[in-house]
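Participant: Pasted the sequence and its predicted model underneath.
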Amino acid sequence: MTRTAVCTLFEAHYHHGVAALVNSLVAAGYRGTVWVGHRGPLPAWLTRRAGFDRAAGRLQVTPQVVLQAVALDPPHSLNYEKPAFMRALLQVHEPTADAVVYLDPDLVVKCAWTEIEAWFADGAVALVEDVDGALPSDHPRRERWCRFFAAHGETPRRALERYYNSGFVGVPRVHVELLAAWQRICELIAAQADGALRERKRGTPDHLFHSTDEDALNFALMLGEAPLRTQGPEAMDFAPGGRHLSHAVGAAKPWQGHHFRGALRGRPPSVASQAFYRFARGPLASLSPLTLARRRVSMALATALGQVYRRR
(Lines give C-alpha, C1' and ligand atoms only; values in the text may rest on other atoms or scores of the structure.)
Protein backbone atom coordinates (compact mmCIF):
# COMPACT_ATOMS: atom_id res chain seq x y z
CA MET A 1 0.00 0.00 0.00
CA THR A 2 1.40 3.37 -1.05
CA ARG A 3 1.99 5.88 1.72
CA THR A 4 1.66 9.37 0.32
CA ALA A 5 2.64 12.65 1.97
CA VAL A 6 0.36 15.54 1.00
CA CYS A 7 1.12 19.26 1.23
CA THR A 8 -0.02 22.72 0.24
CA LEU A 9 1.17 26.32 0.74
CA PHE A 10 -0.82 29.45 1.51
CA GLU A 11 -0.75 33.03 2.67
CA ALA A 12 -3.38 35.76 3.11
CA HIS A 13 -6.97 34.90 2.11
CA TYR A 14 -5.97 31.57 0.53
CA HIS A 15 -6.67 29.96 3.91
CA HIS A 16 -10.28 29.61 2.73
CA GLY A 17 -9.02 27.39 -0.06
CA VAL A 18 -7.03 25.29 2.42
CA ALA A 19 -10.21 24.51 4.36
CA ALA A 20 -12.02 23.36 1.22
CA LEU A 21 -8.99 21.39 0.03
CA VAL A 22 -8.75 19.50 3.33
CA ASN A 23 -12.51 18.84 3.29
CA SER A 24 -12.18 17.44 -0.22
CA LEU A 25 -9.31 15.17 0.86
CA VAL A 26 -11.43 13.86 3.74
CA ALA A 27 -14.33 13.19 1.34
CA ALA A 28 -11.94 11.50 -1.10
CA GLY A 29 -10.83 9.04 1.58
CA TYR A 30 -7.31 10.31 2.14
CA ARG A 31 -5.71 9.07 5.34
CA GLY A 32 -2.72 10.82 6.82
CA THR A 33 -1.32 14.29 7.45
CA VAL A 34 -1.93 17.34 5.30
CA TRP A 35 1.17 19.52 5.69
CA VAL A 36 0.26 23.19 5.36
CA GLY A 37 3.13 25.62 4.85
CA HIS A 38 2.03 29.18 5.56
CA ARG A 39 3.37 32.72 5.68
CA GLY A 40 1.74 34.98 8.27
CA PRO A 41 -0.73 34.15 11.03
CA LEU A 42 -3.04 31.18 10.90
CA PRO A 43 -6.76 31.99 10.44
CA ALA A 44 -9.10 32.28 13.42
CA TRP A 45 -11.34 29.46 12.19
CA LEU A 46 -8.37 27.13 12.75
CA THR A 47 -6.71 28.59 15.87
CA ARG A 48 -10.01 28.92 17.75
CA ARG A 49 -11.20 25.44 16.93
CA ALA A 50 -11.46 23.05 19.84
CA GLY A 51 -8.63 20.55 19.72
CA PHE A 52 -6.17 22.78 17.87
CA ASP A 53 -2.71 22.46 19.42
CA ARG A 54 -1.23 25.96 19.17
CA ALA A 55 2.24 24.90 20.26
CA ALA A 56 2.47 22.16 17.64
CA GLY A 57 0.32 23.83 14.96
CA ARG A 58 -1.66 20.62 14.75
CA LEU A 59 -5.34 19.72 14.41
CA GLN A 60 -6.89 16.26 14.30
CA VAL A 61 -9.49 17.05 11.65
CA THR A 62 -11.02 13.57 11.60
CA PRO A 63 -9.83 10.27 13.06
CA GLN A 64 -8.06 9.66 9.73
CA VAL A 65 -6.79 13.14 8.77
CA VAL A 66 -4.46 15.57 10.56
CA LEU A 67 -3.71 19.16 9.54
CA GLN A 68 -0.13 20.14 10.40
CA ALA A 69 0.83 23.79 9.97
CA VAL A 70 4.44 24.77 9.24
CA ALA A 71 5.42 28.45 9.47
CA LEU A 72 7.53 29.72 6.56
CA ASP A 73 8.88 33.14 5.67
CA PRO A 74 11.08 32.92 2.58
CA PRO A 75 12.20 36.14 0.86
CA HIS A 76 10.25 35.19 -2.26
CA SER A 77 6.79 34.05 -3.34
CA LEU A 78 5.68 30.79 -1.73
CA ASN A 79 5.27 29.40 -5.24
CA TYR A 80 9.06 29.10 -5.41
CA GLU A 81 8.87 26.95 -2.26
CA LYS A 82 6.88 24.09 -3.76
CA PRO A 83 9.79 21.75 -4.56
CA ALA A 84 11.68 22.62 -1.36
CA PHE A 85 8.60 21.91 0.77
CA MET A 86 7.96 18.63 -1.04
CA ARG A 87 11.58 17.58 -0.46
CA ALA A 88 11.28 18.51 3.22
CA LEU A 89 8.30 16.18 3.55
CA LEU A 90 10.24 13.23 2.12
CA GLN A 91 13.46 13.99 3.97
CA VAL A 92 12.26 15.34 7.33
CA HIS A 93 8.53 15.30 8.03
CA GLU A 94 7.48 12.01 6.39
CA PRO A 95 10.70 9.99 5.90
CA THR A 96 8.78 6.73 5.38
CA ALA A 97 6.47 8.09 2.67
CA ASP A 98 6.66 6.44 -0.74
CA ALA A 99 5.57 9.57 -2.62
CA VAL A 100 4.71 13.23 -2.12
CA VAL A 101 1.83 15.19 -3.64
CA TYR A 102 1.59 18.97 -3.78
CA LEU A 103 -1.85 20.58 -4.21
CA ASP A 104 -2.48 24.30 -4.64
CA PRO A 105 -4.82 25.85 -2.03
CA ASP A 106 -7.27 26.93 -4.76
CA LEU A 107 -7.82 23.34 -5.83
CA VAL A 108 -10.10 20.55 -4.59
CA VAL A 109 -10.05 16.79 -5.11
CA LYS A 110 -13.24 15.41 -6.68
CA CYS A 111 -12.39 11.73 -7.14
CA ALA A 112 -11.49 8.96 -4.71
CA TRP A 113 -7.99 9.32 -3.29
CA THR A 114 -7.19 5.81 -4.50
CA GLU A 115 -7.49 7.14 -8.07
CA ILE A 116 -4.94 9.85 -7.33
CA GLU A 117 -2.48 7.34 -5.87
CA ALA A 118 -3.02 4.98 -8.81
CA TRP A 119 -1.84 7.83 -11.02
CA PHE A 120 1.75 7.44 -9.82
CA ALA A 121 1.66 3.94 -8.29
CA ASP A 122 3.87 2.54 -11.07
CA GLY A 123 6.67 4.97 -10.24
CA ALA A 124 5.80 7.72 -12.73
CA VAL A 125 5.51 11.44 -11.97
CA ALA A 126 1.86 12.56 -12.05
CA LEU A 127 1.07 15.80 -13.90
CA VAL A 128 -1.82 17.71 -15.48
CA GLU A 129 -1.56 19.83 -18.61
CA ASP A 130 -2.14 23.55 -18.17
CA VAL A 131 -5.07 25.48 -19.66
CA ASP A 132 -3.15 25.70 -22.93
CA GLY A 133 -0.99 22.61 -22.75
CA ALA A 134 0.78 22.93 -26.09
CA LEU A 135 4.45 24.00 -25.91
CA PRO A 136 6.35 22.15 -28.66
CA SER A 137 9.96 21.14 -28.15
CA ASP A 138 11.10 23.66 -30.77
CA HIS A 139 9.00 26.50 -29.37
CA PRO A 140 10.97 29.78 -29.11
CA ARG A 141 10.15 29.94 -25.42
CA ARG A 142 11.81 26.59 -24.73
CA GLU A 143 14.79 27.64 -26.83
CA ARG A 144 15.13 30.83 -24.76
CA TRP A 145 15.00 28.77 -21.57
CA CYS A 146 17.77 26.52 -22.87
CA ARG A 147 20.02 29.45 -23.72
CA PHE A 148 19.45 31.05 -20.31
CA PHE A 149 20.08 27.90 -18.26
CA ALA A 150 23.03 26.75 -20.37
CA ALA A 151 24.97 29.62 -18.80
CA HIS A 152 24.27 27.99 -15.43
CA GLY A 153 25.33 24.50 -16.48
CA GLU A 154 21.83 23.10 -16.91
CA THR A 155 21.48 20.93 -20.02
CA PRO A 156 18.20 19.24 -21.06
CA ARG A 157 18.23 15.47 -21.51
CA ARG A 158 14.92 15.16 -23.32
CA ALA A 159 12.47 17.11 -25.42
CA LEU A 160 8.88 17.64 -24.29
CA GLU A 161 5.88 18.83 -26.27
CA ARG A 162 3.40 19.72 -23.50
CA TYR A 163 3.28 22.31 -20.70
CA TYR A 164 2.15 21.23 -17.23
CA ASN A 165 0.39 23.06 -14.41
CA SER A 166 2.22 23.18 -11.07
CA GLY A 167 -0.98 23.15 -9.00
CA PHE A 168 -0.83 19.37 -8.75
CA VAL A 169 2.40 17.39 -8.82
CA GLY A 170 2.79 13.81 -7.60
CA VAL A 171 6.36 12.56 -7.23
CA PRO A 172 7.39 9.05 -6.11
CA ARG A 173 10.39 8.99 -3.79
CA VAL A 174 12.47 7.21 -6.43
CA HIS A 175 12.35 10.43 -8.49
CA VAL A 176 13.21 12.88 -5.73
CA GLU A 177 15.96 14.19 -8.04
CA LEU A 178 13.20 15.94 -10.01
CA LEU A 179 12.34 17.97 -6.93
CA ALA A 180 16.02 18.88 -6.47
CA ALA A 181 16.20 20.03 -10.09
CA TRP A 182 12.94 21.99 -9.80
CA GLN A 183 14.21 23.69 -6.63
CA ARG A 184 17.50 24.52 -8.35
CA ILE A 185 15.71 26.11 -11.30
CA CYS A 186 13.36 28.04 -9.01
CA GLU A 187 16.40 29.49 -7.21
CA LEU A 188 17.99 30.54 -10.50
CA ILE A 189 14.80 32.26 -11.62
CA ALA A 190 14.39 33.97 -8.24
CA ALA A 191 17.99 35.20 -8.40
CA GLN A 192 17.21 37.35 -11.43
CA ALA A 193 13.76 38.50 -10.29
CA ASP A 194 14.73 42.21 -10.35
CA GLY A 195 12.98 43.00 -7.08
CA ALA A 196 9.85 41.02 -7.97
CA LEU A 197 10.51 38.10 -5.63
CA ARG A 198 7.02 38.15 -4.15
CA GLU A 199 5.32 38.00 -7.55
CA ARG A 200 4.32 34.71 -9.11
CA LYS A 201 3.55 36.20 -12.54
CA ARG A 202 6.35 38.20 -14.13
CA GLY A 203 5.69 40.89 -16.69
CA THR A 204 3.65 40.10 -19.79
CA PRO A 205 3.02 36.58 -21.16
CA ASP A 206 6.08 36.90 -23.43
CA HIS A 207 8.40 37.32 -20.41
CA LEU A 208 11.07 34.63 -20.22
CA PHE A 209 9.59 33.41 -16.90
CA HIS A 210 6.04 34.74 -16.86
CA SER A 211 4.76 31.83 -14.73
CA THR A 212 7.76 31.46 -12.46
CA ASP A 213 7.32 28.15 -10.61
CA GLU A 214 5.45 26.59 -13.51
CA ASP A 215 8.13 27.52 -16.02
CA ALA A 216 10.72 26.16 -13.56
CA LEU A 217 8.83 22.86 -13.29
CA ASN A 218 8.54 22.49 -17.04
CA PHE A 219 12.23 23.13 -17.60
CA ALA A 220 13.19 20.82 -14.73
CA LEU A 221 11.18 18.05 -16.43
CA MET A 222 13.48 18.43 -19.43
CA LEU A 223 16.57 17.89 -17.29
CA GLY A 224 15.75 14.33 -16.22
CA GLU A 225 14.27 11.14 -17.56
CA ALA A 226 11.71 10.23 -14.89
CA PRO A 227 8.66 8.66 -16.56
CA LEU A 228 5.62 10.92 -16.70
CA ARG A 229 1.98 9.93 -16.25
CA THR A 230 -0.02 12.89 -17.53
CA GLN A 231 -3.60 13.92 -18.08
CA GLY A 232 -5.13 16.67 -20.15
CA PRO A 233 -6.52 20.01 -18.91
CA GLU A 234 -9.89 18.38 -18.21
CA ALA A 235 -8.33 16.75 -15.12
CA MET A 236 -8.32 20.21 -13.46
CA ASP A 237 -11.64 21.33 -15.00
CA PHE A 238 -9.82 23.60 -17.43
CA ALA A 239 -11.80 21.78 -20.13
CA PRO A 240 -15.07 19.80 -20.01
CA GLY A 241 -15.12 16.17 -18.96
CA GLY A 242 -12.88 16.20 -15.90
CA ARG A 243 -13.54 14.23 -12.73
CA HIS A 244 -10.25 14.24 -10.77
CA LEU A 245 -9.47 17.78 -9.61
CA SER A 246 -10.92 21.26 -9.88
CA HIS A 247 -8.56 24.24 -9.96
CA ALA A 248 -9.87 27.79 -9.52
CA VAL A 249 -7.14 29.62 -11.42
CA GLY A 250 -7.18 33.36 -12.02
CA ALA A 251 -7.05 36.40 -9.75
CA ALA A 252 -10.65 36.18 -8.51
CA LYS A 253 -11.13 33.26 -6.12
CA PRO A 254 -14.50 31.61 -5.38
CA TRP A 255 -14.35 32.34 -1.64
CA GLN A 256 -14.24 36.08 -2.39
CA GLY A 257 -17.85 36.04 -3.61
CA HIS A 258 -19.34 38.60 -6.06
CA HIS A 259 -20.63 35.73 -8.21
CA PHE A 260 -23.83 37.42 -9.38
CA ARG A 261 -22.01 40.67 -10.07
CA GLY A 262 -19.58 38.75 -12.25
CA ALA A 263 -22.42 37.03 -14.10
CA LEU A 264 -24.03 40.41 -14.83
CA ARG A 265 -20.76 41.34 -16.52
CA GLY A 266 -20.88 38.20 -18.62
CA ARG A 267 -18.53 36.12 -16.46
CA PRO A 268 -20.57 33.38 -14.78
CA PRO A 269 -19.05 31.12 -12.12
CA SER A 270 -16.59 28.55 -13.38
CA VAL A 271 -16.91 24.83 -12.76
CA ALA A 272 -14.04 25.17 -10.27
CA SER A 273 -15.89 27.91 -8.35
CA GLN A 274 -18.88 25.62 -8.04
CA ALA A 275 -16.62 22.78 -6.89
CA PHE A 276 -15.22 25.00 -4.11
CA TYR A 277 -18.71 25.42 -2.61
CA ARG A 278 -19.24 21.67 -2.76
CA PHE A 279 -16.45 21.39 -0.18
CA ALA A 280 -16.79 24.73 1.65
CA ARG A 281 -18.67 22.94 4.39
CA GLY A 282 -17.29 19.86 6.09
CA PRO A 283 -15.00 19.09 8.99
CA LEU A 284 -13.43 22.53 8.44
CA ALA A 285 -15.46 25.70 7.89
CA SER A 286 -13.73 28.97 7.02
CA LEU A 287 -16.98 30.80 6.18
CA SER A 288 -19.81 31.36 8.65
CA PRO A 289 -23.07 29.48 7.95
CA LEU A 290 -24.80 32.76 7.04
CA THR A 291 -22.05 33.88 4.67
CA LEU A 292 -21.94 30.45 3.06
CA ALA A 293 -25.72 30.40 2.59
CA ARG A 294 -25.66 33.83 0.95
CA ARG A 295 -22.77 32.86 -1.30
CA ARG A 296 -24.54 29.70 -2.40
CA VAL A 297 -27.67 31.67 -3.33
CA SER A 298 -25.52 34.14 -5.25
CA MET A 299 -23.75 31.23 -6.95
CA ALA A 300 -27.04 29.59 -7.97
CA LEU A 301 -28.42 32.84 -9.40
CA ALA A 302 -25.15 33.59 -11.20
CA THR A 303 -25.03 30.11 -12.68
CA ALA A 304 -28.61 30.42 -13.94
CA LEU A 305 -27.86 33.83 -15.46
CA GLY A 306 -24.73 32.42 -17.06
CA GLN A 307 -26.81 29.91 -18.99
CA VAL A 308 -28.44 32.74 -20.95
CA TYR A 309 -25.79 35.48 -20.86
CA ARG A 310 -22.06 35.15 -21.32
CA ARG A 311 -19.55 37.70 -22.58
CA ARG A 312 -18.00 36.65 -25.87
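Facilitator: Done, it's in.
Participant: where's the residue nearest to the spatial centre of the chain relative to L301, distance?
Facilitator: Centroid-nearest residue in the chain: D104, 2.0 Å away (criterion: C-alpha atoms, centre = their mean). Computed as C-beta to C-beta, to the nearest Å, the D104 to L301 distance reads 28 Å. Backbone N, C-alpha and C define where each C-beta goes, glycine included.
Participant: and what of P75?
Facilitator: When P75 is compared with L301 (using C-beta to C-beta), they lie 43 Å apart.
Participant: Looking at the two, which one has more neighbours?
Facilitator: Counted by other C-beta atoms under 10 Å, P75 and L301 do not tie: L301 has more neighbours, with 15 against 9.
Participant: ok, longest helix in the chain?
Facilitator: In the chain, with assignment by DSSP state H, the single longest helix is helix 289-306.
Participant: Next, the buried residues of it.
Facilitator: L292, R295, R296, S298, M299, A302, T303, L305, G306 (16 or more other C-beta atoms under 10 Å).
Participant: Can you show me the strands along this structure?
Facilitator: Under the criterion DSSP state E, the chain contains strands at 4-11, 32-39, 58-60, 65-71, 99-103, 107-109, 125-134, 162-172, 228-231, 245-247.
Participant: any weak-confidence spans in this structure?
Facilitator: The model of the chain has pLDDT under 70 over residues 1-2, 193-206, 257, 260, 262-266, 306-312.
Participant: Helices of that one, start to end?
Facilitator: Counting by DSSP H, the helices of the chain are 15-28, 44-47, 82-88, 113-120, 140-150, 176-191, 212-223, 259-264, 271-278, 289-306.
Participant: Would you reformat the ones you listed as JSON lines and include distance to Q60?
Facilitator: Formatted as JSON lines, these follow (distance: least, C-beta to C-beta, whole Å):
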{"stretch": "helix 15-28", "distance to Q60": "12"}
{"stretch": "helix 44-47", "distance to Q60": "12"}
{"stretch": "helix 82-88", "distance to Q60": "22"}
{"stretch": "helix 113-120", "distance to Q60": "18"}
{"stretch": "helix 140-150", "distance to Q60": "44"}
{"stretch": "helix 176-191", "distance to Q60": "28"}
{"stretch": "helix 212-223", "distance to Q60": "31"}
{"stretch": "helix 259-264", "distance to Q60": "33"}
{"stretch": "helix 271-278", "distance to Q60": "23"}
{"stretch": "helix 289-306", "distance to Q60": "23"}
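Participant: Please consider this matter closed, and thank you.
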